[in-house]
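K.L.:
kindly generate the corresponding structure for this input.
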Amino acid sequence: MVFHSYSNYAKYAWGANEHRPISKTGHSANIFGSSPLGISIIDSIDTIYLADLKEFYQKSRDWIETKFDPNVPSEVSVFEINIRLVGGFLSIYALTNDKLYLDKAELMANRLLPAFDTPTGIPHALITLSNGASKNWNWAAGGCSILSEFGTVHLEFQYLTQLTGKDIYLQKVEKIRKVLKGASENNMYYNYLNPQTGAWCQKHASLGALGDSFYEYLLKSWILSGKKDEEARSMYENAMKAAEEAMLRKTPTSNLMYFGEQRSGRLDPQMGHLTCFVGGLYVLSASSGAISSNSSAKNQMEIAQAIGKTCRESYTRTATGLGPEAFHFERTDVEAKALRDQEKYYILRPEVIETWFYLWRNTHEQMYRDWAWQAIISLEKYCRVEGGYSGIRDVYSSVVSHDDVQQSFFIAETLKYLLLIFSDDSFISLDTYVFNTEAHPFHIPKTTQQTLYIPLKHRFFDLIPKEVIQIRVAMKNFFEGVVSPQFTQFCRRPLVARLIRYLVNTSDILLYTGDPTIRRTNSMQLLRIGKKVVVGVTDGFMIENKILAKASELVINFVSNFWSSVDLIRPIIDAYRESIGNVCSSSTIMADLNCIILANERQQDPGQ
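P.N.:
Alright, predicted model coming up:
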C-alpha cells in the first residue's frame, strides 16, 4: 500500500503538494497555497523510511536537499505547515540523525515566527511564506484564532529547542500556554480565541475539529519533556475531566460511548471522525503515568476501549466498511451514523486506525488487529485506484464515487499506523518515541537527563571521521538544592577539570541550565570552572526524588562514548600526537587524552 501510493505520486505528481490519483496530476489544497512545496514528500518521508523503501527514500532526500524552497509567495496554514513540514523534518531527523532535516525544520519554523507577532502571542492562522504577512481565516468566528491550530505548535517548537538549544521556539509556545491557562473557565477551553485580547470568541468546545490536538499536545508535551513538564500534565488531566463531565455520554440503545460537542452549555450529540483519536489519547495517558490516581487511569482505559468500539461501529454501519466524516446519536434509531450528505465522505483519515494502534500496543487483544485488517480490505476494495488511493464521497454506497485526492496524511498517518499495528512493539516503541498529531515520531529524552546537541569546533575533531563529528555531548541537568562539597571537589580533580575546561573551550554552547522548559531565575547559583559558566544550579529542583545528574556522569559519558574504542580512537590520537610534535606518548587512551588536553591548553595559553 505504501509503495502503490507513493510510487504513483512520484510518477505523476512529484514535487506537488498532493496527488490526484485518477486524473494523475498534482493537487494543492488551499491550506498549502498555490506553490509546490512537496508536502507529500516531506509528510511521507518517515513512513517511506520505516517501510524500507530505500530508492524512494533517497529520491525524497535528494529533492529536499536540492529542490525544496519555502521562499514562495504562497499563503499557507501555519498549523498545517508546522505539523506536516516542521514535524516531518523533525521526525526523519529523529530517525536518521541526518542534520539536513534539522536544518530544514529550523528553516521552516523560522518562516512561521512572524505569525506569532500579535498582542497576545497567539499566532494567526495564515502566513505568506515570502514576506511573513499573516492573518486569520475569513470564516473563523469573529476573525479569531482556532484552538486546535494555535494550540498545536507546542510539541514541534519544544522539540526544536531541545535539539538546537535555541530558546525562541519554546518561548513562543510557552506564551501561548500562559494565555490559555489564564483564559480557561473551570478547566474548559473553547475553540475560538481572539489573538488581540486573549478572550474567548464563543462558547463552543470540542475534542474533534477545532479543538482536538490542543489536548493531545498537553499530554505529549509532558511526555516529550521526559515527564518533567508538570504544568502540561496537570492542565491535561484537569481539561479531560472537564471534557468528560461536559461532553461524554452513552447511547440508550446500543450503550455506545461518545464525546459530543458543547455549544453555549448545551450538548450537541454528534461525533466527528477526527474525535476518534481520543481513544488513542486516553490509552497513552492511562499507560504513561499522566493520571494522578490509579482509579482515574483505569477509567480512562475503559473510555479508550469504549471509544474504539464506537468508532468501529461508525465503520461497520456503512456499505463500505469505512467511516463517515461525522456521525450522530440524537435519535434512538440513529446511532453512529451520518445524517447529512455533507457528512458521508471518507478522505482516507487515520484517527480510527490510530486509536486501534494504541489499543493494540497496550492490550494485545487480537480484535484490534482484526479491525485494522478489515479496514485494509475496505481501503483496497473502495479507495485503491490505478494511480494511488482516493477518498470517497459516500461511505453508505457500495458503488463509490471517488473524490480524486490522495491526501498527504494518508501515507504519513493512516498507512504508518497500519504498518505499526502489524509490527513488533519494539518497532517505534512508545517508550522511545512520541508522535506529533501528524503521526511523526519524535525521540523522547531519558527521564533522568536532558540532551543538547553541541557542535564542537577544534582542530583535533577535524581528524575524526565525518560520521563521528556529530557528537552528542550530554550536558546533564545539574539541578540540586545546593552544590554539594563532593560535587565541587569532584569537578576540581585535575583530569575532570581539564575535561570540562576542554569542553568549554571547544564548544559553541556550554552555558546550559538543564531542562529547556525551566526558565533561569535570580535564585540560580552558577558553578564555574575558571571564568566559564559550566551549568546553572537552582534551589530545590528534583525529579522523582533523584538528583538529575552529577558531574561524574558528564565525564563518564564523554569518555565512554568517544574515547573507549581503541580501534577508532588510537589512529586519531596518533595523528593528533604527530601534529603537535609527538609530545604525548602514553600506554593508555586516558593518559594520552590527558596529555593532549594539556598540550592544547599550553598552545592556547603559553603562560600555563
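K.L.:
from residue 157, how far off is the nearest residue to residue 40 once chain neighbours are set aside?
P.N.:
Spatial nearest neighbour of residue 40, excluding adjacent residues (C-beta to C-beta, 6 or more residues apart in numbering): residue 408 at 4.4 Å. Every C-beta, even on glycine, is put in place using the N, C-alpha and C of the backbone. Residue 408 sits 21 Å away from residue 157, going by C-beta to C-beta, to the nearest Å.
K.L.:
picking up where we left off before, contacts only, for the residue nearest to residue 40.
P.N.:
Applying C-beta atoms under 8 Å, 6 or more residues apart in numbering, we find residue 408 in contact with 17-18, 39-40, 43-44, 84.
K.L.:
go on, residue 126?
P.N.:
Residue 126 is in contact with 75-78, 115, 134-137, counting by C-beta under 8 Å, 6+ apart.
K.L.:
let's go with 6 Å and repeat that
P.N.:
The contact partners of residue 126, taken as C-beta atoms under 6 Å, 6 or more residues apart in numbering, are 75, 135.
K.L.:
look up phi and psi at it.
P.N.:
With angles defined as degrees, to the nearest 10, residue 126 sits at phi -120, psi 150.
K.L.:
tell me the SS of residue 304?
P.N.:
At residue 304 the chain is in helix, as set by DSSP: H, G, I helix; E, B strand; the rest coil.
K.L.:
you'd agree it is up against residue 282?
P.N.:
Yes. Here residue 304 reaches residue 282: they are 3.7 Å apart, a contact under C-beta atoms under 6 Å.
K.L.:
can you pull out the strands in the stretch 101-250 of the chain?
P.N.:
126-128, 134-135, 145-146, 192-193, 200-202, 204-205, 248-250 (DSSP state E, counting those that start in this stretch).
K.L.:
check which helices and strands the fifth one sits against.
P.N.:
So that's strand 200-202. Contacting strand 200-202 under the criterion 3 or more C-beta pairs under 6 Å, 6 or more residues apart in numbering; DSSP states H and E are the following elements: strand 192-193.
K.L.:
name the helices or strands packed onto the strand it packs on?
P.N.:
On a contact count with 3+ C-beta pairs under 6 Å, 6+ apart, strand 192-193 meets strand 200-202.
K.L.:
if you set the cut-off to 8 Å instead, what comes out?
P.N.:
Counting contacts by 3 or more C-beta pairs under 8 Å, 6 or more residues apart in numbering; DSSP states H and E, strand 192-193 is packed against strand 145-146, helix 147-150, helix 167-183, strand 200-202.
K.L.:
quick one: strands adjacent to the shortest one?
P.N.:
For strand 145-146, the paired strands and their directions (DSSP bridges) are strand 192-193 (antiparallel).
K.L.:
ok, residues contacting the strand it pairs with?
P.N.:
Contacts for strand 192-193 (C-beta under 8 Å, 6+ apart): 122, 140-142, 144-147, 150, 179-180, 183, 199-202, 204, 210.
K.L.:
what helix or strand is residue 420 located in?
P.N.:
According to DSSP states H and E, residue 420 maps onto helix 415-421.
K.L.:
gap between that helix and the chain center?
P.N.:
Helix 415-421 sits 17 Å away from the centroid of its parent chain (C-alpha atoms, centre = their mean, to the nearest Å).
K.L.:
and the contacts of it?
P.N.:
Residues contacting helix 415-421 (C-beta under 8 Å, 6+ apart): 1-2, 5, 46-47, 50-51, 350, 353-354, 356-357, 360-361, 368-369, 372, 375-376, 427-428, 439.
K.L.:
list buried residues within the residues you listed.
P.N.:
With neighbours counted by 16 or more other C-beta atoms under 10 Å, the contacts of helix 415-421 contain buried members at 1-2, 5, 46-47, 50-51, 350, 353-354, 356-357, 360-361, 368-369, 372, 375-376, 428, 439.
K.L.:
the nearest residue to residue 77 once chain neighbours are set aside - how many residues pack around it?
P.N.:
Spatial nearest neighbour of residue 77, excluding adjacent residues (C-beta to C-beta, 6+ apart): residue 31 at 4.1 Å. Residues contacting residue 31 under the criterion other C-beta atoms under 10 Å number 18.
K.L.:
got the contact list for residue 31?
P.N.:
By C-beta under 8 Å, 6+ apart, residue 31 lies in contact with 76-77, 80.
K.L.:
now do the SS call for it.
P.N.:
Relying on three-state DSSP, one would call residue 31 helix.
K.L.:
I'd like the distance between it and residue 392.
P.N.:
Look at residue 31 and residue 392: by C-beta to C-beta, they are 21 Å apart.
K.L.:
can I get the helices and strands packed on strand 192-193 in JSON lines including mean pLDDT, mean neighbour count and distance to residue 341?
P.N.:
JSON lines is the format used below for the helices and strands packed on strand 192-193 (pLDDT from 0 to 100; neighbours: other C-beta atoms under 10 Å; distance: least, C-beta to C-beta, whole Å):
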{"stretch": "strand 145-146", "mean pLDDT": "98", "mean neighbour count": "25", "distance to residue 341": "25"}
{"stretch": "helix 147-150", "mean pLDDT": "98", "mean neighbour count": "26", "distance to residue 341": "25"}
{"stretch": "helix 167-183", "mean pLDDT": "97", "mean neighbour count": "18", "distance to residue 341": "36"}
{"stretch": "strand 200-202", "mean pLDDT": "95", "mean neighbour count": "18", "distance to residue 341": "26"}
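K.L.:
closest to residue 413 out of these?
P.N.:
Nearest to residue 413 among the helices and strands packed on strand 192-193 is helix 147-150 (15.6 Å), distances taken as C-beta to C-beta.
K.L.:
from the chain's centre, how far out does that closest one sit?
P.N.:
The answer for helix 147-150 is 15 Å, by C-alpha atoms, centre = their mean.
K.L.:
again with stretch 181-200
P.N.:
Relative to its chain's centre, stretch 181-200 lies at 24 Å (C-alpha atoms, centre = their mean).
K.L.:
just stretch 94-106 next, same as before
P.N.:
13 Å.
K.L.:
same thing with stretch 432-444?
P.N.:
Distance of stretch 432-444 from its chain centroid, counting by C-alpha atoms, centre = their mean, is 5 Å.
K.L.:
give me the mean pLDDT for it.
P.N.:
Averaged across stretch 432-444, the pLDDT comes to 98.
K.L.:
could you pull out the buried residues of stretch 97-104?
P.N.:
Result for stretch 97-104 [16+ other C-beta under 10 Å]: buried residues 101-102, 104.
K.L.:
stretch 313-327 too?
P.N.:
In stretch 313-327, counting by 16+ other C-beta under 10 Å, buried: 313-315, 317-318, 320-327.
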